[in-house]
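>>> Mind folding the following:
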Amino acid sequence: QVQVVESGGGLVQPGGSLRLSCTTSESFLSIYAMGWYRQAPGKQRQLVAGIGSTGLTTYEDSVKGRFTISRDNVKNTVYLQMNSLKPEDTAVYYCNAGPDYSGSFNGPYDSWGQGTQVTVSS
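Alright, predicted model coming up:
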C-alpha cells in the first residue's frame with residue numbers, strides 16, 4: 001500500500017488561491033491513479049478531482065474551471081491548484097492513491113493521507 005502525505009493547506013481569503021501537494025512513497029507513481037477528496041464538518045467525504053496514469057482527469061462539478069489536478073511522476077507528487085476559492089471550499093482535503101488498471105481515476109482506493117485543512121474565510 002503506497003504511503004501518501006499532503007501539504008499546502010491553510011487559510012485564504014475568498015477569491016484567493018492555494019496549491020496542495022501529495023507526495024508518495026511509490027517510485028513508480030506513473031502506474032498509480034491519484035485523487036483528492038474533501039470532507040467538510042457534518043458532510044460526507046466527496047471526490048474533488050482525480051487523475052489516471054494516462055493523465056485523464058475528472059472533476060466534481062462545483063470545482064470545474066477553478067481547480068486543476070496535475071502529476072509529476074519524476075517527483076512522485078500530485079498537485080491540486082485551487083483558484084477562485086469560495087467559503088464552501090472549506091474542508092479537510094485528503095489525497096487518495098491506488099494502482100491504475102484502467103487509465104482513469106476510479107477511486108476511492110485504499111491509500112489515504114492524513115489530510116490538510118483548507119479554510120476560505122475573510
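
>>> who touches stretch 45-58?
Stretch 45-58 is contacted from outside by 30-39, 59-60, 63, 67-71, 78, 80, 93-94, 96, 100, 102-108, using Cβ atoms under 8 Å, 6 or more residues apart in numbering. (C-beta placed from N, C-alpha, C; glycine too.)

>>> Which ones among these lie within strands?
Mapping those onto strands (DSSP state E) picks out 32-39, 59, 67-71, 78, 80, 93-94, 96.

>>> Narrow the residues you listed to those that are buried.
Among the ones in strands among the contacts of stretch 45-58, the ones that count as buried by 16 or more other Cβ atoms under 10 Å are 32-38, 59, 67-69, 71, 78, 80, 93-94, 96.

>>> Return the per-residue confidence for Phe28.
pLDDT for Phe28: 69.

>>> now the one 5 residues further on
Ala33 is assigned a predicted lDDT (pLDDT) of 93.

>>> What distance do you get for Thr90 to Val118?
6 Å (Cβ to Cβ, to the nearest Å).

>>> More neighbours: which of these two?
Taking neighbours as other Cβ atoms under 10 Å, Thr90 and Val118 compare with Val118 leading, 22 against 17.

>>> got a list of what the spatially most central residue of the chain touches?
Nearest to the mean C-alpha position of the chain, by Cα atoms, centre = their mean, lies Trp36 at 2.5 Å. Contacts for Trp36 (Cβ under 8 Å, 6+ apart) come out as 20, 22, 47-50, 69, 78, 80, 93-96.

>>> how about a cut-off of 7 Å?
Leu20, Val48, Ala49, Ile69, Leu80, Tyr93, Cys95 (Cβ atoms under 7 Å, 6 or more residues apart in numbering).

>>> Would you format the residues you listed as a markdown table with pLDDT included?
Shown next, in a markdown table, are those (pLDDT from 0 to 100):
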| residue | pLDDT |
| --- | --- |
| Leu20 | 98 |
| Val48 | 98 |
| Ala49 | 98 |
| Ile69 | 98 |
| Leu80 | 98 |
| Tyr93 | 98 |
| Cys95 | 97 |
